[in-house]
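[1] Attaching a predicted model along with its sequence, questions to come.
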Amino acid sequence: MSKYTLVLPLLCLVACGDTKVDTAGTDGDATAGKTTPGMFDSSSTSTTGTSSSGGSDTADDNDPSMATSGDEPPGTSTATSGVLTTTGDPDDPGDQACDSWLDDCPEGEKCTAYGTEDFGWNNYKCVPIAPQPGQAGDPCTIEGKANSGVDSCDIHLTCWPPDAQLMGHCVPNCHGTPEDPFCEDPDAFCAISDDSVLLLCLPTCDPLVNDCAEGDVCVPHHQDLFACAPDLSGDDGQLFDPCEYVNVCDPGLACVPTEVAASECAAGTYGCCVPFCDTTQPNTCPGVGQECVQALADPPPKYENAGICVLPS
């Protein structure tokens with residue numbers, strides 16, 4: 001099972017709500033101006049397959065959803081024999097530190113990621129499991145703030161993504177080790193973020209049918225899959241509208257660099273919303289001179305036909 005960093009460099013950064021958390025858990029990793037061999041090719045160091053070379057993926061410092069203080073947080077993370085451990089938060093000595101990979105909390109508690117800052121996740125602690133806890137896919141609530149680490153989900157689950165009302169759905173955590181993470185669901189991928197503290201198994205999607213839940217949109221994640229993210233297009237995000245984040249275009253559209261998107265896009269804007277397309281079908285791209293180009297550099301069978309309408313290189 002693949003492991004990825006949970007951030008979206010252009011195309012970027014995922015647009016976030018007022019809670020200032022990474023509400024998507026998806027990663028664009030697109031290369032500006034590049035249309036071959038895949039529109040969303042990537043030079044990321046993240047690996048594919050069931051294992052990776054290490055557990056040191058880091059979040060993009062330019063991603064406002066993953067912003068953290070420049071100073072080392074009170075509960076620092078350290079690597080011991082390749083396993084992430086924590087020192088705990090000295091400002092709250094009542095919290096018992098733990099290791100999410102080992103799940104070494106006392107019975108009746110779970111190891112959960114939380115943040116010592118106003119947003120972001122940078123530590124682990126043991127918290128009581130809620131009475132009648134939610135199971136995978138169930139609606140859930142978070143206490144206090146989005147990154148408090150205290151939610152209504154059962155062990156091995158995290159309430160995600162937090163909305164403005166601190167509600168979400170119970171999402172499985174990754175299993176295994178930092179060097180060999182995996183998800184029990186074969187259709188999910190292990191998304192790792194926030195200095196390798198946040199470990200979430202998130203679903204994939206198909207951009208040609210946009211099979212995400214209502215209110216979500218299918219966006220590129222790294223170089224070999226697509227994942228669901230909250231649709232924050234609002235009244236904008238229509239064909240040829242300017243965009244700055246992957247999840248601010250309407251379903252069926254993708255945000256790509258303006259210079260390669262379409263002549264109909266406004267000059268001087270960061271990105272532009274253009275359609276996904278099927279590379280096996282006749283060219284139906286709406287822009288003058290647009291062609292249907294393969295969206296991913298090395299697509300698995302599920303995405304062999306996934307293309308995107310751009311100007312030829």
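    Perfect, thanks for sending it.

[2] partner strands of the strand ranked longest in the chain, parallel or antiparallel?
    Taking DSSP state E as the criterion, the chain has its longest strand at strand 271-278. Strand 271-278 sits in its sheet next to strand 242-243 (antiparallel), strand 253-257 (antiparallel), strand 306-310 (antiparallel), going by DSSP bridges.

[3] Let me know the average pLDDT across the shortest one.
    Here strand 242-243 scores 95 as its mean pLDDT.

[4] Stretch 186-199 now?
    Mean predicted lDDT for stretch 186-199 stands at 87.

[5] Point out where the stretch 201-313 of the chain drops to low pLDDT.
    In the predicted model of the stretch 201-313 of the chain, residues 222-223 satisfy pLDDT under 70.

[6] before we move on, the earlier item: which one of the strands paired with strand 271-278 lies closest to residue 159?
    Closest to residue 159 of these is strand 253-257 (Cβ to Cβ; 27.7 Å). Every residue, glycine included, has its C-beta placed from N, CA and C.

[7] CA atoms of the closest one as PDB?
    Taking Å, rounded to 0.1, in the frame of the first residue of the first chain, the C-alpha atoms of strand 253-257 are listed here in PDB:
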ATOM      1  CA  LEU A 253     -12.700  20.100 -13.500                       C
ATOM      2  CA  ALA A 254      -9.100  20.300 -12.500                       C
ATOM      3  CA  CYS A 255      -6.900  23.300 -11.500                       C
ATOM      4  CA  VAL A 256      -3.800  23.400 -13.700                       C
ATOM      5  CA  PRO A 257      -1.200  26.200 -14.400                       C
END
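
[8] residues of that strand that come out buried?
    253-257 (16 or more other Cβ atoms under 10 Å).

[9] Now for the closest residue in space to residue 126 that isn't next to it in sequence, how many residues are close by?
    Closest residue in space to residue 126, ignoring its immediate chain neighbours: residue 105 at 3.8 Å, by Cβ to Cβ, 6 or more residues apart in numbering. Counted with other Cβ atoms under 10 Å, residues neighbouring residue 105 total 22.

[10] ok, back up a step: as CSV, the strands paired with strand 271-278 with distance to residue 266 would be great.
    Shown next, in CSV, are these (distance: least, Cβ to Cβ, whole Å):
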stretch, distance to residue 266
strand 242-243, 6
strand 253-257, 13
strand 306-310, 16
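
[11] how about low-confidence regions in the stretch 1-150 of the chain?
    1-95.

[12] let's see it at 80
    1-95, 119 (pLDDT under 80).

[13] and residue 140, what does it touch?
    Residues near residue 140 by Cβ atoms under 8 Å, 6 or more residues apart in numbering: 134, 151-153, 159, 167-170.

[14] same deal with residue 152?
    Counting by Cβ under 8 Å, 6+ apart, the residues that residue 152 touches are 130, 133-134, 140-142, 159, 170.

[15] try 10 Å
    Residue 152 sits next to 129-134, 138-143, 159, 167-168, 170 when contact means Cβ atoms under 10 Å, 6 or more residues apart in numbering.

[16] Equivalent analysis for residue 272, please.
    239-243, 249, 253-262, 264-266, 287, 310.

[17] Mind doing that once more with 6 Å?
    Counting by Cβ atoms under 6 Å, 6 or more residues apart in numbering, residue 272 makes contact with 258, 261, 265.

[18] so which of the residues you listed is the most crowded?
    Ranking those using other Cβ under 10 Å puts residue 261 first, with 26 neighbours.

[19] how about it, phi and psi?
    Note on residue 261: its backbone torsions stand at phi -80, psi -60 [degrees, to the nearest 10].

[20] That one contacts residue 274, doesn't it?
    Yes. Between residue 261 and residue 274 a contact is recorded at 4.9 Å, counting by Cβ atoms under 6 Å.

[21] what number of residues lie near the nearest residue to residue 175 once chain neighbours are set aside?
    Counting by Cβ to Cβ, 6+ apart, residue 175 lies nearest to residue 182, which is 5.7 Å off, once chain neighbours are set aside. Per other Cβ under 10 Å, the neighbour tally for residue 182 reads 19.

[22] For residue 182, give its distance to residue 149.
    For residue 182, the distance to residue 149 equals 23 Å [Cβ to Cβ, to the nearest Å].

[23] What strand or helix carries residue 111?
    Using DSSP states H and E, residue 111 maps to strand 109-114.

[24] Who are the packing partners of the helix or strand that that strand is followed by?
    Proceeding N to C from strand 109-114, the next assigned helix or strand is strand 123-128, under DSSP H and E. Applying 3 or more Cβ pairs under 6 Å, 6 or more residues apart in numbering; DSSP states H and E, one finds that strand 123-128 contacts strand 109-114.

[25] what pairs with the strand it packs on, and is each one parallel or antiparallel?
    Each strand paired with strand 109-114, and its direction, by DSSP bridges: strand 123-128 (antiparallel).
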